[in-house]
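Trainee: Next one to model:
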Amino acid sequence: QVQLVESGGGLVQAGGSLRLSCAASGAIFSINTMGWYRQAPGKQRELVATITSRGVTNYADSVKGRFTISRDNAKNLVYYLQMNSLKPEDTAVYYCNAVVKVAGPTLYDDDFWGQGTQVTVSS
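Mentor: This next block holds a predicted model:
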């Protein structure tokens with residue numbers, strides 16, 4: 001129905017950068033909010049950043065000033081998370097999440113997750 005595919009994870013040294021991508025496809029009328037979340041081993045999944053359809057962004061305190069969430073305006077269904085000054089504590093599986101107005105005979109809102117991409121930051 002709606003698919004989210006993340007890419008861009010990998011291994012990087014502390015202080016380095018990575019850019020994650022999330023490509024949405026399927027029965028999408030519009031995306032209300034796109035978010036990035038992460039889950040480290042033994043910890044609960046936590047919010048990293050969100051962006052609304054109007055471009056309003058929100059960040060976890062732990063990533064403010066280092067991470068930037070954005071939307072590819074040329075490719076409406078592609079979102080990015082630019083991660084700079086990475087720290088070992090940023091190591092986690094990163095998931096994209098979308099609150100989508102699903103296209104069909106009747107429009108309705110639903111919530112979708114990608115499969116996750118591993119980010120590992122070495123010290």
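Trainee: hey, what's the nearest residue in space to residue 86 that is not next to it in sequence bridged with?
Mentor: Nearest non-adjacent residue to residue 86, counting by C-beta to C-beta, 6 or more residues apart in numbering: residue 121, 4.6 Å away. Any C-beta I mention is one placed from the backbone N, CA and C, and that applies to glycine too. In this entry, residue 121 is beta-bridged to residue 12, by DSSP bridges.
Trainee: Contacts only, for residue 121.
Mentor: 11, 12, 13, 14, 16, 86, 87, 88, 89, 90, 91 (C-beta atoms under 8 Å, 6 or more residues apart in numbering).
Trainee: Just the buried subset of those, please.
Mentor: Neighbour counting by 16 or more other C-beta atoms under 10 Å classes 12, 86, 90, 91 among the contacts of residue 121 as buried.
Trainee: my read: the first one touches residue 86, true?
Mentor: Yes - Residue 12 lies in contact with residue 86 (C-beta atoms under 8 Å); the separation is 5.7 Å.
Trainee: shared neighbours, these two?
Mentor: Joint contacts of residue 12 and residue 86 (C-beta under 8 Å, 6+ apart) are 18, 119, 121.
Trainee: Now pLDDT and distance to residue 102 too, for those, in CSV please.
Mentor: Below are the shared contacts of residue 12 and residue 86 laid out as CSV (pLDDT from 0 to 100; distance: C-beta to C-beta, whole Å):
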residue, pLDDT, distance to residue 102
18, 98, 31
119, 98, 29
121, 98, 36
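Trainee: And residue 65, how close does it get to residue 17?
Mentor: From residue 65 across to residue 17, the span is 14 Å (C-beta to C-beta, to the nearest Å).
Trainee: Inside strands: which ones of the buried ones among the contacts of residue 121?
Mentor: residue 12 (DSSP state E).
Trainee: quick one: which of the buried ones among the contacts of residue 121 is nearest residue 38?
Mentor: Nearest to residue 38 among the buried ones among the contacts of residue 121, counting by C-beta to C-beta, is residue 90 at 7.7 Å.
Trainee: All set, thanks.
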